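Enquirer: here are the coordinates; sequence isn't available:
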């Protein structure tokens, strides 16, 4: 099982529109902090807190190049959260439906033979 | 664009191991509140708060059948969150890589011809 607190942090990182906005901008590639966080209409301390949440979740990383801080998405950052929400919540229910269908088929086949 | 506050609530719903545990149990089908929430080792008020977060996110629904409260996952509950985390954060970066590859190819083809 994937580390719980990492999943907690990854989902928390996605649970705010500004943080999702930053992730969406970085999905296109590396950006300066200004490019990634400008125009959200919130204070610099608020932006810093959002960036910290994203960094602690392992969703983004900061590349320090002299005076420039550039941000990029990490390779694995949200993969655990994506995998959890895709497989568990969605697919297991579908497998259930398939199981039910197969059980019904077996019952019908059995009835046919006897 | 998907309603922001709904996405906020969906990701918040997933950001706690007990709430993910409840979702995982319900992925197998409808359960009583006791079955869905037992053995987590937390108080009843804490469980109630987790259930409220899940209900407000539209992730689960409560079927009241006389004295029995049964819980089930909703059809669409986490679909928005799943779609956001799957497409935006993952695929757009892959498209970027494909674009880069195609640009490189065009450059290489151009070089070949001239």
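Expert: Received the coordinates, thanks. Here the structure is a predicted model, which is why all the values come from computation and not from measurement. Residues are numbered from 1 along each chain as shown, chains lettered A, B, ... in the order given.
Enquirer: quick one: low-confidence ranges for chain A?
Expert: Within chain A, the ranges that satisfy pLDDT under 70 run A:1-3, A:87-101, A:110-114.
Enquirer: Contact residues of it facing chain B?
Expert: A:4, A:7-8, A:11-12, A:14-17, A:20, A:23-24, A:27-29, A:59, A:73, A:77-79, A:81-82, A:84-86, A:88-90, A:92-93, A:96 (Cβ under 8 Å from any Cβ of the partner chain). In short, each C-beta sits where N, CA and C put it, glycine included.
Enquirer: Show only the entries of those found in helices.
Expert: Taking DSSP state H, the ones among the residues of chain A next to chain B that sit in helices are A:4, A:7-8, A:11-12, A:14, A:17, A:20, A:23-24, A:79, A:81-82, A:92-93, A:96.
Enquirer: So which of the residues you listed wins on neighbours?
Expert: residue A:14 (30 neighbours; other Cβ atoms under 10 Å in any protein chain shown).
Enquirer: Look up how far residue B:66 lies from it.
Expert: 38 Å (Cβ to Cβ, to the nearest Å).
Enquirer: Ramachandran coordinates for residue A:32?
Expert: phi -70, psi 160 (degrees, to the nearest 10).
Enquirer: quick one, what contacts it?
Expert: Residues near residue A:32 by Cβ atoms under 8 Å, 6 or more residues apart in numbering or on different chains: A:68-71.
Enquirer: can you give me phi and psi for the residue positioned nearest the centre of chain A?
Expert: Nearest residue to the geometric centre of chain A (Cα atoms, centre = their mean): residue A:78, 3.9 Å. Residue A:78 adopts backbone torsions of phi -110, psi 10, taken as degrees, to the nearest 10.
Enquirer: Would you mind measuring from it to residue B:14?
Expert: In terms of Cβ to Cβ, residue A:78 sits 12 Å off from residue B:14.
Enquirer: cool, residue A:21 as well?
Expert: Going from residue A:21 to residue B:14 by Cβ to Cβ gives 19 Å.
Enquirer: same check, this time on residue A:56
Expert: 17 Å.
Enquirer: And for residue A:85?
Expert: Per Cβ to Cβ, residue A:85 is found 6 Å from residue B:14.
Enquirer: which neighbours do the two share?
Expert: Residues touching both residue A:85 and residue B:14 comprise B:78, B:81, with contact defined as Cβ under 8 Å, 6+ apart.
Enquirer: who's in contact with the closest residue to residue A:13 other than its chain neighbours?
Expert: In space, and not counting its chain neighbours, residue A:13 is closest to residue A:57: 3.7 Å by Cβ to Cβ, 6 or more residues apart in numbering or on different chains. Taking Cβ under 8 Å, 6+ apart, we find residue A:57 in contact with A:6, A:9-10, A:12-13, A:77-78.
Enquirer: Name the residues of stretch A:54-63 that come out as buried.
Expert: A:54-55, A:57-61 (16 or more other Cβ atoms under 10 Å in any protein chain shown).
Enquirer: Could you check how far it is from the centre of its chain?
Expert: Distance of stretch A:54-63 from the chain centroid (Cα atoms, centre = their mean, to the nearest Å) equals 13 Å.
Enquirer: hang on, the earlier thing: so the residue nearest to the centre of chain A touches residue B:85, yeah?
Expert: Yes - assessed by Cβ atoms under 8 Å, residue A:78 is found in contact with residue B:85 at 5.9 Å.
Enquirer: Quick check: end-to-end length of stretch A:28-36?
Expert: 10 Å (Cα to Cα, to the nearest Å).
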